[in-house]
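Trainee: Starting from these lines, generate the structure:
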Amino acid sequence: MKPDALSHRSVEIELKLALPTSHPASLAKRLAQTPALARRKATHQHLHNVYYDTPEQILRQQRVALRIRRIGSEDKPQWLQTLKMGGSNDSALSQRGEWEAPVPSAELDVATLESTPWSGIDPDGTVFQALAPCFVTSFERTSWLVRRRGGSVVEVALDIGQIVAGDKQTPIYELEFELKAGQPAALFELALQIAQTIAVLPLTISKSGRGYALAQDDLDTPLRAQPPKLSSKLPLSETARRVLREVFCQFTTNLNALRNSDDPEVVHQARVGWRRFRSALRLFKPVFAGGELPSWQAPKVMLSFLGELRDLDVARIDTLPPLADVYSAGDEYRAEAWRSMNQSLIHAAQLQRKAVRYALQDPAVGASLLEITHWLEDAPALSALKEAGMKPDKKLRPWAKRRITKLHKQFKLALKDANTSTATDDVNVQHQARIQAKQMRYGIEALESLLPKKSAQHWLDQATGMQTRIGATRDLVQAVALVARLEVDRELVGFLRGVAVGRIKPR
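Mentor: Presented below is the predicted three-dimensional model:
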């Protein structure tokens with residue numbers, strides 16, 4: 001919005017992308033050279049933003065952001081006050097109410113808020129009186145205005161700078177596509193053109209969201225599953241959309257955190273998010289009625305790297321430590337061999353984490369994830385769904401029960417196979433049973449609010465228990481395989497193999 005605009009409501013429609021680059025200084029030049037932006041004039045601004053909230057963070061709790069923005073230099077500034085409300089935090093595509101107007105100084109202006117919904121937030125003025133600065137975002141913005149056939153107009157903005165909260169700071173490397181005219185599909189069309197040569201990642205958290213997280217030492221922490229609350233009155237198509245968006249958000253949010261965080265739980269939750277996404281696609285497969293599903297061929301290498309990193313983390317953190325004293329038994333030579341193995345695993349994990357981060361800089365990975373994001377927002381497979389043979393007036397609960405009942409039957413068959421397998425194929429068969437248990441568990445968690453409470457909990461307990469039992473054996477076998485590939489004392493490898501054989505139930 002221009003500085004001289006009046007304060008009025010508009011809907012900000014924006015696609016946010018993170019830039020997982022190791023060369024941020026060259027981003028503007030590389031973007032300007034892409035076919036989508038070449039020969040278009042770029043504008044440059046320095047934007048300094050102060051965000052306000054109460055000590056209790058009343059605004060954050062209501063998904064409201066209030067800021068004062070300084071445009072230009074300190075000696076000749078322009079000031080804008082902006083109120084943003086609503087919007088979802090489970091997609092890179094956000095739609096929020098926005099009220100923005102020029103103000104005379106860097107101070108908040110309560111009179112400007114009179115033409116906004118502020119009175120609903122602060123009917124007696126006490127919230128405004130308690131407002132104080134919480135964090136600052138300061139960045140250089142390079143922007144291009146792209147007019148396309150069909151009348152769509154998109155502003156492309158590259159933001160490079162930092163967020164500061166007290167004595168903490170974090171960098172900003174973001175690309176935003178804001179719709180000025182036309183339909184949201186224009187944002188994805190332009191973004192996908194740029195993503196062919198520039199590495200991107202869908203970004204579900206706003207700058208203000210990152211600022212709050214930074215202030216609370218909560219930035220880049222693992223995002224765990226948060227299944228959406230579902231109503232039996234929802235259409236099946238909307239149910240599918242909500243579930244798929246949440247699980248994909250878990251995956252991409254943890255991928256973004258992985259760029260900066262060494263926390264093994266971030267890796268774990270990224271993999272959980274991806275498995276939940278794949279499981280949800282299978283869960284809702286009858287819904288798609290032959291529609292084309294998104295492809296994930298491009299991220300396969302990155303996903304395999306991610307899996308190898310998780311295996312290394314599980315081996316060195318969970319599986320092997322309980323065996324350390326059993327192996328050493330007070331023998332210093334053996335204790336040193338164990339310490340050497342542990343260092344080798346740590347080094348291997350560090351290298352593997354670098355491999356994952358390098359893979360995220362492949363433009364094909366980001367383009368694929370962006371296509372999936374578009375599919376979730378606007379794909380014909382979701383927007384024009386056949387209700388899996390159900391009439392529109394049919395209720396959702398019976399469908400959910402049928403789907404989970406089918407998964408439970410498949411789980412029981414897998415469990416039977418695992419219990420009757422021979423010693424030679426025991427590990428592989430039990431691993432397949434574990435996968436089936438995960439699929440049933442993820443399905444129940446996704447549709448829990450639509451399922452009979454007693455049977456859903458019983459089946460969930462069954463799946464979780466089996467997953468835990470089989471998982472411990474599988475993790476040990478995997479750990480032995482990893483250790484055997486490293487330069488580790490052969491006697492130690494032999495000990496671990498012996499333990500693994502002992503864990504596999506003889507036939």
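
Trainee: what's Gly97 sitting at in phi/psi?
Mentor: When read as degrees, to the nearest 10, the backbone of Gly97 gives phi -70, psi 140.

Trainee: Once you drop chain neighbours, what's closest to it?
Mentor: Met85 (4.5 Å; Cβ to Cβ, 6 or more residues apart in numbering). (C-beta placed from N, C-alpha, C; glycine too.)

Trainee: what do you get for Ser88?
Mentor: Counting by Cβ to Cβ, 6+ apart, the residue nearest Ser88 is Ser94, at 6.7 Å.

Trainee: Relative to Pro104, how far out is that neighbour?
Mentor: Relative to Pro104, Ser94 is positioned 30 Å away (criterion: Cβ to Cβ, to the nearest Å).

Trainee: Please say which of those two ends up with more neighbours.
Mentor: Legend: neighbour count by other Cβ atoms under 10 Å for Ser94 and Pro104, higher for Ser94 (21 against 8).

Trainee: Mind checking what secondary structure that one has?
Mentor: Of the three states, Ser94 takes strand according to DSSP: H, G, I helix; E, B strand; the rest coil.

Trainee: What are the boundaries of the helices in the stretch 351-500 of the chain?
Mentor: Shown for the stretch 351-500 of the chain, the helices assigned by DSSP state H, counting those that start in this stretch span residues 363-378, 380-383, 396-420, 426-447, 453-484, 490-503.

Trainee: Ok, the stretch 201-350 of the chain next?
Mentor: When secondary structure is read from DSSP H, counting those that start in this stretch, the stretch 201-350 of the chain shows helices at 207-215, 236-258, 264-283, 300-314, 324-328, 332-359.

Trainee: for the third one, packing partners?
Mentor: Based on contacts counted as 3 or more Cβ pairs under 8 Å, 6 or more residues apart in numbering; DSSP states H and E, the elements that helix 264-283 packs against are helix 236-258, helix 300-314, helix 426-447.

Trainee: now those in TSV, with mean neighbour count?
Mentor: Shown next, in TSV, are the helices and strands packed on helix 264-283 (neighbours: other Cβ atoms under 10 Å):
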stretch	mean neighbour count
helix 236-258	23
helix 300-314	19
helix 426-447	22
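
Trainee: ok, back up a step: out of the helices of the stretch 351-500 of the chain, which comes closest to Thr170?
Mentor: Checking the helices of the stretch 351-500 of the chain against Thr170 by Cβ to Cβ gives helix 363-378 as the closest, at 20.3 Å.

Trainee: Let me see the mean pLDDT of the closest one.
Mentor: Taken as a whole, helix 363-378 carries a mean pLDDT of 94.

Trainee: Any idea how far it is from the middle of the chain?
Mentor: In terms of Cα atoms, centre = their mean, to the nearest Å, the centre of helix 363-378 is found 13 Å from the chain centre.

Trainee: Can you add mean pLDDT and distance to Phe277 and give the helices and strands packed on helix 264-283 back as CSV?
Mentor: Shown next, in CSV, are the helices and strands packed on helix 264-283 (pLDDT from 0 to 100; distance: least, Cβ to Cβ, whole Å):
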stretch, mean pLDDT, distance to Phe277
helix 236-258, 95, 5
helix 300-314, 98, 11
helix 426-447, 88, 9
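
Trainee: and of the ones you listed, who's closest to Gln196?
Mentor: helix 300-314 (17.0 Å).

Trainee: want to throw the helices of the stretch 201-350 of the chain into CSV with distance to Ala186?
Mentor: Output for the helices of the stretch 201-350 of the chain, formatted as CSV (distance: least, Cβ to Cβ, whole Å):
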stretch, distance to Ala186
helix 207-215, 23
helix 236-258, 21
helix 264-283, 26
helix 300-314, 28
helix 324-328, 58
helix 332-359, 29
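
Trainee: of all those helices, which lies closest to Ala181?
Mentor: helix 207-215 (23.9 Å).

Trainee: and that closest one with helix 236-258, angle?
Mentor: On the basis of axes from the mean of the first three to the mean of the last three Cα atoms, to 10 degrees, helix 207-215 is oriented at 50 degrees to helix 236-258.

Trainee: what comes into contact with helix 207-215?
Mentor: 49, 51, 53, 57, 60, 65, 67, 84, 89, 134-137, 159, 163, 165-166, 168-170, 172, 174, 205, 218-221 (Cβ atoms under 8 Å, 6 or more residues apart in numbering).

Trainee: Columns distance to Phe188 on top of the helices of the stretch 351-500 of the chain, output as TSV?
Mentor: Below are those laid out as TSV (distance: least, Cβ to Cβ, whole Å):
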stretch	distance to Phe188
helix 363-378	4
helix 380-383	14
helix 396-420	29
helix 426-447	26
helix 453-484	36
helix 490-503	48
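
Trainee: Tell me which of those sits nearest to Gln226.
Mentor: Per Cβ to Cβ, nearest to Gln226 of the helices of the stretch 351-500 of the chain: helix 426-447, 10.2 Å.

Trainee: ok so, going back, mind giving me the PyMOL select for the contacts of helix 207-215, buried ones only?
Mentor: Those of the contacts of helix 207-215 that count as buried under 16 or more other Cβ atoms under 10 Å are selected in PyMOL with:
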select buried, resi 49+51+53+60+65+67+84+134+135+136+137+159+163+165+172+174+205+219+220+221
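
Trainee: which ones among the contacts of helix 207-215 are found in helices?
Mentor: Using DSSP state H, the members of the contacts of helix 207-215 that fall within helices are Arg60.

Trainee: and Arg224, what is it in contact with?
Mentor: Contacts of Arg224 by Cβ under 8 Å, 6+ apart are 250, 269, 272.

Trainee: ok, for Lys401, nearest residue in space, not its chain neighbours?
Mentor: Excluding the flanking residues, the one nearest Lys401 by Cβ to Cβ, 6+ apart is Leu451, at 6.2 Å.

Trainee: Ala185 now?
Mentor: Asp378 (5.7 Å).

Trainee: contacting residues for the one you found?
Mentor: Asp378 neighbours (Cβ under 8 Å, 6+ apart): 184-185, 188.

Trainee: quick one: which of these has the most company?
Mentor: Most neighbours among the contacts of Asp378, by other Cβ under 10 Å: Phe188, with 22 neighbours.

Trainee: Could you list every helix and strand in contact with the helix or strand containing it?
Mentor: Counting by DSSP states H and E, the element that carries Phe188 is helix 185-194. When contacts are defined as 3+ Cβ pairs under 8 Å, 6+ apart, helix 185-194 sits against strand 9-18, strand 153-165, strand 168-181, helix 363-378.

Trainee: now the ones you listed in a markdown table, with distance to Ala481?
Mentor: As requested, the helices and strands packed on helix 185-194 are exported to a markdown table (distance: least, Cβ to Cβ, whole Å):
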| stretch | distance to Ala481 |
| --- | --- |
| strand 9-18 | 34 |
| strand 153-165 | 42 |
| strand 168-181 | 37 |
| helix 363-378 | 27 |
